[in-house]
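Asks: need a structure here:
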Amino acid sequence: MFWTLPNALSILRIAAAPLLVALAGLGEAEAFLGVLWCALASDAADGFLARRLGQTSEIGARLDSWGDWLLYAALPLGVVWLWPELARRELLWIATGVTVWIVPTAVGWLKFGRLTSYHTYLAKLTGVLMAAGAVALLHWDHPALFHLAICVLVLEGFEELLITAELPAWHRDVPSLRSAMRIAEDTRAQC
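Replies: Presented below is the predicted three-dimensional model:
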């Protein structure tokens, strides 16, 4: 079933990405932050609701991944446009985050021909830390939590690369490297 509440939240997050870019281009920092926080909340809610309502699906996992991808593409662009001094000061951290986010995505795309949708435990932790870190950084100019989020993102990206290397075929909702190793083992046993 396509039209579910969790899928609708993911679709709204997908739609929020170009809106964030437009708001940043117009210099609307407060509106940007409002849309960003709503999009981050939808990211937290869609997976929870999908599991709670028994509405998990491959299309839902894909929509969630596309929503995440587009949201995290719009965020650094908005920061650079709206808070250029902050972006210069945090350039190394932002560049590290963008790189660690793009490389595993590209490797997964090259191997499977689509976005990975692992939704690992580390990815969930990173999402929470990144949201809290963005609030602390953008509202109060306190970067420590954002820096911690980037460090955890590095670990998450490394785990995602290992999961992609381990899996023989695309799978959604692979919560850890250990799970990927079991999936690969089961696949070898069936051959």
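Asks: And for residue 113, the neighbour number?
Replies: By other Cβ atoms under 10 Å, 8 other residues sit near residue 113. (Glycine included, C-beta is placed from N, CA and C.)
Asks: Might you list the low-confidence residue ranges for the protein?
Replies: Judged by pLDDT under 70, the chain has its weakly predicted residues at 1.
Asks: in it, which spans are helices?
Replies: Counting by DSSP state H, the segments of the chain that form helices are 5-25, 29-52, 58-82, 84-89, 91-112, 121-140, 144-166, 177-190.
Asks: and those helices as TSV, adding mean neighbour count?
Replies: TSV is the format used below for these (neighbours: other Cβ atoms under 10 Å):
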stretch	mean neighbour count
helix 5-25	19
helix 29-52	18
helix 58-82	19
helix 84-89	12
helix 91-112	16
helix 121-140	18
helix 144-166	19
helix 177-190	14
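Asks: Report the central residue of this protein.
Replies: In the chain, the centroid-proximal residue (Cα atoms, centre = their mean) is residue 68; its distance is 4.0 Å.
Asks: which residues touch the closest residue to residue 80 other than its chain neighbours?
Replies: Nearest residue to residue 80 in three dimensions, chain neighbours excluded: residue 87, at 4.5 Å (Cβ to Cβ, 6 or more residues apart in numbering). Residue 87 sits next to 76, 79, 80, 94 when contact means Cβ atoms under 8 Å, 6 or more residues apart in numbering.
Asks: what's the closest non-adjacent residue to the residue nearest to the centre of the chain?
Replies: residue 43 (6.4 Å).
Asks: Please tell me how far the one you found sits from residue 69.
Replies: In this view, residue 43 and residue 69 are 11 Å apart by Cβ to Cβ, to the nearest Å.
Asks: What of residue 101?
Replies: On the measure of Cβ to Cβ, residue 101 and residue 69 end up 8 Å apart.
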